[in-house]
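Colleague: Fold the following and give me the result.
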Amino acid sequence: MLLLIPGPVQTRPETRAAMAQDIAPWDNDFRPTYASIRERVRVLAGGVEGMHATLPLQGCGHFMMEAAIRTFVPAGGKLLIPQNGAYADRAVRLATEAGRVVVALPGPDTRPVTAEEIAAALAADPAISHVAMIHNETGSGIVNDPEVIGPAVRAAGRRLILDSVSAFGALPVNLADHPEIDALIFTSGKCLEGLPGIGFAVARIDSVTAAAGNAGSWAFDLSDVYAHALRAGWGSFRFTPPVQSLAAFSVALDLHEREGGQPARLARYRENARAMYDGVRALGMAPYLDWAHQGPVIVTVHQPADPAFELQPFVDALKRRGVLISNFWNTQAPTFRVGCIGAVTPEDIRGAVAAIDGALRELGVTRREASGNDAPRQKVSARDDD
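Modeller: Predicted coordinates for the structure are as follows:
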């Protein structure tokens with residue numbers, strides 16, 4: 001089965017094989033592996049030794065986002081969230097339910113937020129201390145570039161929490177160039193092609209120590225993760241970790257390095273995205289985004305106007321052809337989405353395009369263009385990625 005979702009992704013056999021062992025996470029033989037992962041991740045993020053630290057938590061990307069918001073934004077504090085996609089919507093809920101005050105910056109899910117929009121919003125409300133931004137919106141596929149937004153945040157004297165859950169390892173970011181970033185967050189099961197189960201924050205040490213006592217939660221307190229590492233060592237977890245996922249992640253990092261690191265991974269994913277984008281257009285379908293705004297992680301496609309098209313039967317027909325995609329959509333108009341990340345090649349993507357054609361033929365879909373009146377319909381909540 002070819003898994004084409006934006007996470008968990010298709011992985012290499014070597015990565016999966018590393019899961020097939022029993023490990024004691026606090027055993028002295030495993031501690032160096034975990035400590036090494038933390039250091040390798042810091043380096044990959046462009047973090048500076050003595051200035052940045054890797055602070056993992058068990059769980060998914062939403063856990064990391066909540067932990068970063070709770071840790072760095074004091075209870076009752078204000079943060080700005082550019083709201084141009086489904087995962088920004090989720091960040092709004094996480095922050096609100098954590099007792100933080102959200103200033104939303106609404107925008108379409110078909111283009112990135114601009115530096116001018118961020119600067120104007122920050123100038124209008126001096127009480128905002130942080131911006132929390134989704135790097136890659138896996139609802140639609142747009143990219144909010146920290147190289148564009150970071151300088152605007154820095155110029156305003158504010159701080160940035162960058163949710164790079166579905167971008168890190170492929171899209172570039174260098175923390176040494178971004179002193180405004182308090183935390184860069186991501187997970188094991190996306191562009192680094194590990195197995196799911198572990199999340200990471202690469203955070204400024206001075207911001208972490210200054211944030212002690214903010215979280216209002218022991219489990220989601222990144223300052224406590226840092227304090228524990230100082231006390232018990234960098235190879236020690238506070239609570240029982242998904243240790244097999246960590247073992248697999250170490251292998252995934254090896255494979256990432258062997259491929260050529262972030263630039264090579266990005267180049268492959270861009271080729272994948274181009275093959276899917278051009279492929280569905282050749283089938284008479286309409287991608288959701290203009291190519292100028294199309295990121296490398298996921299290609300989202302308008303659902304065909306033909307009444308014979310229904311998403312779940314289409315997903316089932318694709319699965320019978322050996323291709324598995326998400327069975328929901330969370331854009332502002334009805335779409336289906338195809339992941340372009342994971343251990344997948346452009347040749348795999350071209351095979352998936354042929355499978356899409358076959359599935360549409362099986363369902364009797366002849367009108368493949370988007371409806372001229374493609375009004376938003378009820379979304380289906382995302383279940384398989386975070």
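Colleague: Could you verify that I81 is part of a helix?
Modeller: No. Per DSSP: H, G, I helix; E, B strand; the rest coil, I81 lies outside any helix segment and is strand.
Colleague: Next up, the contacts around it.
Modeller: A88, A91, V92, A95, V102, V103, A104, L105, V131, A132, M133 (Cβ atoms under 8 Å, 6 or more residues apart in numbering). C-beta here means a position set from N, CA and C on the backbone, and glycine is covered the same way.
Colleague: quick one: the strands in the chain?
Modeller: 2-3, 52-58, 78-83, 101-106, 128-134, 159-163, 181-187, 198-204, 298-302, 323-324, 335-339 (DSSP state E).
Colleague: Pick the most buried one from those strands.
Modeller: Across these, averaging neighbours per residue (mean count of other Cβ atoms under 10 Å) puts strand 181-187 on top, at a mean of 29.
Colleague: report the angle between the axes of that strand and strand 52-58?
Modeller: Relative orientation of strand 181-187 and strand 52-58, computed by axes from the mean of the first three to the mean of the last three Cα atoms, to 10 degrees: 40 degrees.
Colleague: Only C-alpha atoms, please: export strand 181-187 in CSV.
Modeller: Output of strand 181-187 as CSV, limited to C-alpha atoms (Å, rounded to 0.1, in the frame of the first residue of the first chain):
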residue,chain,number,x,y,z
ILE,A,181,11.8,32.2,18.0
ASP,A,182,11.2,30.9,21.5
ALA,A,183,10.4,27.4,20.3
LEU,A,184,10.4,25.5,17.0
ILE,A,185,8.1,22.4,17.4
PHE,A,186,7.8,19.3,15.3
THR,A,187,7.1,15.5,15.5
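Colleague: That strand pairs with which strands, and in what direction?
Modeller: In the sheet containing strand 181-187, the strands it pairs with under DSSP bridges are strand 159-163 (parallel), strand 198-204 (antiparallel).
Colleague: Mean pLDDT added to those, as TSV?
Modeller: Putting the strands paired with strand 181-187 into TSV (pLDDT from 0 to 100) gives the following:
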stretch	mean pLDDT
strand 159-163	98
strand 198-204	98
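Colleague: related to what we said a few turns ago, for the contacts of I81, give me CSV that also has pLDDT and distance to S326.
Modeller: Converted to CSV, those look like this (pLDDT from 0 to 100; distance: Cβ to Cβ, whole Å):
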residue, pLDDT, distance to S326
A88, 97, 18
A91, 98, 20
V92, 98, 22
A95, 98, 25
V102, 98, 27
V103, 98, 31
A104, 97, 25
L105, 98, 27
V131, 98, 28
A132, 98, 24
M133, 98, 23
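Colleague: Nearest to D316 among the residues you listed?
Modeller: Of all the contacts of I81, D316 sits closest to A88, with 30.5 Å by Cβ to Cβ.
Colleague: Would you mind confirming that the closest one makes contact with T138?
Modeller: No. A88 lies out of contact with T138 (Cβ atoms under 8 Å); the separation is 11.0 Å.
Colleague: Tell me which residues of stretch 230-237 come out buried.
Modeller: By neighbour count with 16 or more other Cβ atoms under 10 Å, stretch 230-237 contains the buried residues W234, G235, F237.
Colleague: before we move on, what about stretch 19-26?
Modeller: M19, I23, P25.
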